[in-house]
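> what's the 3D shape of this:
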Amino acid sequence: MDRSDVCLTLCIVTSIKRSGTEISQLEAEQLTEYSVLIGGKAGDGIAQAGQLIASIFSELGYYVYQYIDYPSLIRGGHNFCIIRAAEKPVFTHRTGVDLILALDQKTADLHTHNLTTQGTVIYDSPKVKAEGQALAIDEILTQYKGRSIMGNTAMVAGFCGCAGIPWNLVESVFRKKLLKETDLNLLIAREAYSRITRCINVQPVKGASPRPLLSGNEWIGLGLLAGGIDAYIAYPMTPSSGVLHFLASVADEAGIDVVHPESEIAVILMALGFAYAGKKAAVGTSGGGFCLMTEGLSLSGMAEVPIVIILSQRGGPSTGLPTYTAQSDLLFACHAGQGEFSRFIAAPATPNEAFRWAAEAVHLSWKLQIPAFILSDKTFSEGIYTPETEPEVRATVPLPAPAYPYKRYADTPDGISPILVPPCSGEVVKVNSYMHDYSGITSEDPEMTVAMVQKRLRKAEKLAAMTDQPGAVVCGGTPKAKIAILCWGSPRGVCSEVAEELGIRLVSPVVLSPFPAGEFRKAMQGVEKVVLVEDSSTGQLDKILAREGYRTDELILRYDGRPFAVEELLERVRRVAS
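Alright, predicted model coming up:
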């Protein structure tokens, strides 16, 4: 994203209708929200164009959500973005769109039926045949000797002309976002802007200021910085790679080390090495990459070396759907690694939650010396959001001082042994992946084995007490309704709107391990029927709820790699919630 968006939010951390419609008719029909779809082939710069549109809405004071859909191809295929802008926070997209920007014929063919009654199409003529407003992009590019990729600049400018957005605002955003060949891009944009007839009425939100606009991965990255990480280690793997790219871009400013090793095995072992040396470290990966990390995860559990793992889900098994979404790794995250040890898992659904719980994962990991997970998915990781409010930074709690002579695994009532960071004169700081005694010396003695297992398991009680607190479960919709829609992670955005529309209750756990039994019990009081929505084929949260003594009455599952739009889920829930 734009550097100004990043810096604006980073400072929080470091400072702890149809063509030809008359305007007079449109003014009475001004909307409170807009949806714009731009589509083309991989290589057309669709994601970048979508971000330009999102930034323009943000400058006008709107809350923005951007959904990105693309196949695992470098060239060709069909890419599209849906940018939704509203006067209230939004975290999901709608099927209906007010404007389609078609850079290829497939976009017009696939999406025109989703136009709202006042909607129109701007299309690249003569490449595309459609009803709406033609924009001769090749003619403009030839006129100004522009490169083909600049066609998306022309199309975004066409959107701005159609929406009646003042040219000075358009130019300001383009100058901030298009840092290469800026003047040429502006010549092309100005020409395209002048060729389009205004057909919708987008006005600034009264009293609102521009809002930060970042991807879910970037919000997670900011939360890690707020939590005080010293290092981030990752091997690029869609859809978690954005965290690596973002933190690498701000590494010098934030004062952290960012490392790209040769494999995911090296990633987690290097991070554990950082942690042994006293440096707070986090790693990021997705399905197959996390498979390779599981032995290192077990090492963290036995050696009690803290680590934070960003696990962003995509379709599986194996390579699966590399660029599409899923929620099928929840049980894997809960049970990965051999042996028994405590872990923390949170699945944020909004920018503020991503910021808060990523920071909290760092704190909890180091306080309890356990692995901590932020469980995301493609929809949240690569979706682009404005936050509900300015994120808050939680103060770091100092770790307890160790006693001397030092015993790395000293037994304590809560199972948490004070950490001493090497080198320390006169003391040995030993960690061990074998079963060991209080000093870290290998031991297979049965009594010591029992003592060490019980010590590690006692952390679970402490962790549950620390996390079963307000915020661990989010409620919405109609709080006293007897029907509840239940979800976790990114589907919360769409489920929240459906719950409000139907007058039912929304219950969404953010903390998933240890399960926040107390907060969930409060949220479910009076519920007589439960509808679970999940992007999986088996309903993995359903298995966790059964263990906690709850049952679900209806499962609405999606596993084609795409998230629900509001209209799609509304119809599904309406059928089963009566």
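
> all contacts plus neighbour counts: C-alpha atoms, from now on.
OK.

> so which residues of the stretch 401-550 of the chain form strands?
Along the stretch 401-550 of the chain, counting by DSSP state E, counting those that start in this stretch, strands occupy 473-477, 483-486, 505-509, 511-513, 529-534.

> make JSON lines from those and add mean pLDDT to it.
As requested, the strands of the stretch 401-550 of the chain are arranged in JSON lines below (pLDDT from 0 to 100):
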{"stretch": "strand 473-477", "mean pLDDT": "97"}
{"stretch": "strand 483-486", "mean pLDDT": "98"}
{"stretch": "strand 505-509", "mean pLDDT": "98"}
{"stretch": "strand 511-513", "mean pLDDT": "98"}
{"stretch": "strand 529-534", "mean pLDDT": "98"}
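
> out of the ones you listed, which comes closest to residue 126?
Evaluated over the strands of the stretch 401-550 of the chain, closeness to residue 126 peaks at strand 529-534, with 42.3 Å, by CA to CA.

> pretty sure residue 370 is touching residue 306, no?
Yes: if you go by CA atoms under 8 Å, residue 370 and residue 306 touch, sitting 4.9 Å apart.

> can you list residues touching both of the two?
Both residue 370 and residue 306 are in contact with residue 300, where contact means CA atoms under 8 Å, 6 or more residues apart in numbering.

> state whether residue 575 is indeed within a helix.
Yes: judged by DSSP: H, G, I helix; E, B strand; the rest coil, residue 575 forms part of a helix.

> what number of residues lie near it?
A count of neighbours around residue 575, defined by other CA atoms under 10 Å, yields 9.

> contact partners for it?
Going by CA under 8 Å, 6+ apart, the list of residues near residue 575 is empty.

> per-residue confidence for it?
Residue 575 is assigned 94 on the pLDDT scale.

> for residue 531, see how far away it is.
With distances taken as CA to CA, to the nearest Å, residue 575 is found 11 Å from residue 531.

> same thing with residue 248?
Between residue 248 and residue 531 the distance is 41 Å, computed by CA to CA.

> now swap in residue 363 and tell me
Per CA to CA, residue 363 is found 34 Å from residue 531.

> ditto for residue 523
Separation of residue 523 from residue 531 (CA to CA) stands at 14 Å.

> quick one: contacts of the helix or strand residue 290 falls within?
Following DSSP states H and E, one finds residue 290 within helix 287-303. Identification of contacts with helix 287-303 by CA under 8 Å, 6+ apart yields 237, 264-265, 267-269, 272, 305-307, 311-314, 316, 318-319, 329, 336-342, 370-371, 431-435.

> how far off centre is it?
Taking CA atoms, centre = their mean, to the nearest Å, one finds helix 287-303 lying 22 Å from the centre of the chain it belongs to.

> now do stretch 85-100
Per CA atoms, centre = their mean, the displacement of stretch 85-100 from the mean C-alpha position of its chain is 18 Å.

> what's the end-to-end length of it?
End to end - CA to CA - stretch 85-100 spans 15 Å.

> now stretch 432-445
Taking CA to CA, stretch 432-445 runs 15 Å from one end to the other.

> in that stretch, which residues are buried?
Neighbour-count burial for stretch 432-445, with 16 or more other CA atoms under 10 Å as criterion, is recorded at 432, 435-440.

> same question for stretch 243-255.
Neighbour-count burial for stretch 243-255, counted by 16+ other CA under 10 Å, picks out 243-248, 250-251, 254.

> what about it, start to end distance?
Chord length of stretch 243-255, first to last residue, is 16 Å (CA to CA).

> I would like the residues contacting it, please.
14, 217-218, 220-221, 225, 230, 232-234, 236, 257-258, 284.

> what about the residue lying closest to residue 572 once chain neighbours are set aside, helix or strand, and which?
Distances taken as CA to CA, 6 or more residues apart in numbering put residue 556 closest to residue 572, at 7.5 Å, once the chain neighbours are dropped. Using DSSP H and E, residue 556 sits in strand 554-557.

> pull up the pairing partners for that strand, direction included.
Using DSSP bridges, the strands paired with strand 554-557 are strand 529-534 (parallel).

> may I have the partner strand as CSV, with CA atoms only?
What follows is strand 529-534, C-alpha atoms only, in CSV (Å, rounded to 0.1, in the frame of the first residue of the first chain):
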residue,chain,number,x,y,z
LYS,A,529,-31.1,-22.5,17.3
VAL,A,530,-27.6,-22.3,16.0
VAL,A,531,-26.5,-21.8,12.4
LEU,A,532,-22.8,-22.3,11.8
VAL,A,533,-21.2,-20.6,8.7
GLU,A,534,-17.7,-21.7,7.8
